[in-house]
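Trainee: Give me a model of this one.
(one chain, ligands or ions: 2)
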Amino acid sequence: MKTDIKSLYYPELENLITEAGFPKFRAKQVHLWLCKGVTEFEEMRNIPQGLIEFLRSSSYISVANIEKKLVSRYDKIVKYLFRFGDGEFVETVVMSYKHGYSICVSTQVGCKMGCTFCATGRSGFSRSLTASEILSQIESAQTDLGIRISNIVLMGMGEPLDNFDNVIRFLRLVSSEDGLNIGMRHITLSTCGIVPKIYELAKYKFALTLSVSLHAPDNETRSKTMPINKKYPIEELIKACRDYFEATGRRISFEYAMIDSVNDSDDCAHRLGNLLKGLNCHVNLIPVNSVRGTGYKKSRLDRQQAFVNILGKYSITATVRRTLGSDINASCGQLKRNYTENTGGK
Ligand code: SAH
Ligand code: SF4
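Mentor: Ligands and ions are numbered 1, 2, ... in the order given. Got it, this is the predicted structure:
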């Protein structure tokens with residue numbers, strides 16, 4: 001098994017190189033080349049041939065290759081389908097805002113969680129991504145667009161807390177000063193609610209924003225759309241969120257995809273208000289993106305406004321998020337699903 005060199009922390013890279021008998025300063029040089037985005041060891045021009053050969057035989061540089069790129073006509077959104085060395089694909093979305101560029105990265109090829117409204121969840125699971133494969137999505141997008149990304153959301157394909165160790169490694173690498181140096185305050189990690197992993201994440205006390213995909217105010221409604229709820233019921237999840245806030249001091253963000261006649265009644269809004277009362281949080285209401293085969297429809301506009309008003313009575317701030325890139329299948333997993341169905345590919 002070759003070493004995934006871009007997933008190494010700097011001291012680990014130094015060990016790899018010094019243990020093979022090369023001087024320490026070579027590690028710094030190799031690291032600089034990797035930061036510049038080289039895709040082959042041969043491109044490292046100031047490195048002696050002996051070290052190049054050692055690296056080539058012992059290690060590999062992981063790359064996210066652009067398989068397909070879509071640019072939205074209506075809003076400033078670019079969506080990529082990236083291909084990795086083994087032929088697997090993931091999706092990545094870049095959004096341009098007034099304050100900079102934000103990227104939505106994938107953490108797994110597919111997802112095991114099986115949420116009924118989600119295109120990724122409906123297409124099954126292949127494998128988890130390595131830390132370098134998550135990083136490479138950002139590097140490839142930056143190089144292709146000639147920009148610097150300032151915010152990252154882990155909201156693409158996959159469940160980040162189901163790929164815990166690689167995601168922690170990615171978070172440390174991407175935020176480190178000698179890496180892309182994107183601070184934790186500019187990172188959001190979204191989870192469907194794997195309770196023990198929320199406790200584990202809390203121990204790291206990262207300054208990132210934890211976003212919890214709630215999508216329902218009670219066990220009966222939630223278990224119908226999110227199978228994970230049968231394993232970790234809603235009261236355990238909310239307890240974990242309260243404890244997470246206690247441990248980190250970071251306000252939790254809840255995602256609530258509004259589905260017509262499924263979770264958007266006044267009664268649901270009141271139950272949600274009671275559930276979250278007193279918790280330092282923010283609720284993002286998202287009109288559900290219709291995914292083929294689900295039969296789910298977006299809630300009407302007046303339902304979204306009713307939710308904002310009712311939650312306000314419980315002193316909970318909620319905003320309706322507009323859906324972006326609707327002309328380029330920008331919702332999680334939709335591009336890959338269309339691409340593979342049309343090409344017969346993986
Ligand atoms: N697995 C993680 C992160 C990836 S999904 C999670 O579930 O949180 C990113 C977000 O997109 C989640 O909030 C998810 O619930 C939401 N999502 C998935 N399919 C959607 C759809 N069809 N419409 C609206 N939101 C959707
Ligand atoms: Fe997986 Fe998140 Fe989709 Fe659920 S919503 S199936 S957890 S990617």
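
Trainee: what number of residues lie near the residue lying closest to residue 251 once chain neighbours are set aside?
Mentor: Excluding its sequence neighbours, the residue lying closest to residue 251 (C-beta to C-beta, 6 or more residues apart in numbering) is residue 280, at 4.9 Å. The way it works is simple: take the backbone N, C-alpha and C, and place the C-beta from them, glycine included. Residues lying near residue 280 (other C-beta atoms under 10 Å) number 13.

Trainee: I'd like to know how far residue 280 sits from residue 224.
Mentor: Per C-beta to C-beta, to the nearest Å, residue 280 is found 28 Å from residue 224.

Trainee: So which residues of this protein form helices?
Mentor: Counting by DSSP state H, residue ranges of the helices within the chain are 10-19, 25-36, 49-58, 119-122, 131-145, 164-175, 195-204, 219-225, 228-231, 234-248, 266-276, 301-313, 334-343.

Trainee: tell me how far the ends of stretch 118-125 are from each other?
Mentor: 13 Å (C-alpha to C-alpha, to the nearest Å).

Trainee: starting at the chain centroid, how far to that stretch?
Mentor: Centre-to-centre, stretch 118-125 and its host chain are 15 Å apart (C-alpha atoms, centre = their mean, to the nearest Å).

Trainee: now swap in stretch 34-49 and tell me
Mentor: Mean-position distance between stretch 34-49 and its chain equals 29 Å (C-alpha atoms, centre = their mean).

Trainee: Now do the contacts for the closest residue to ligand 2 within the stretch 151-300 of the chain.
Mentor: Ranking the residues of the stretch 151-300 of the chain by distance to ligand 2 (C-beta to the nearest ligand atom) places residue 192 first, at 3.6 Å. Taking C-beta atoms under 8 Å, 6 or more residues apart in numbering, we find residue 192 in contact with 113, 115, 159, 213, 226, 228.

Trainee: Sort out for me which of those are in strands.
Mentor: Among the contacts of residue 192, the ones falling in strands (DSSP state E) are residue 213.

Trainee: Filtering the contacts of residue 192 by proximity to ligand 2, which remain?
Mentor: Contacts with ligand 2 within these, counted by C-beta under 6 Å from any ligand atom: 113, 115, 159, 213.

Trainee: residues in the stretch 101-250 of the chain within reach of ligand 2, list them.
Mentor: Counting by C-beta under 6 Å from any ligand atom, the stretch 101-250 of the chain sits next to ligand 2 at 111, 113-115, 118, 120-121, 158-159, 192, 213.

Trainee: Highest neighbour count among those?
Mentor: residue 158 (30 neighbours).

Trainee: tell me the centre residue of this protein?
Mentor: Centroid-nearest residue in the chain, with C-alpha atoms, centre = their mean: residue 154, separated by 1.7 Å.

Trainee: residues in contact with that residue?
Mentor: Applying C-beta under 8 Å, 6+ apart to residue 154 gives the contacts 104-105, 107, 160, 167, 187-190.
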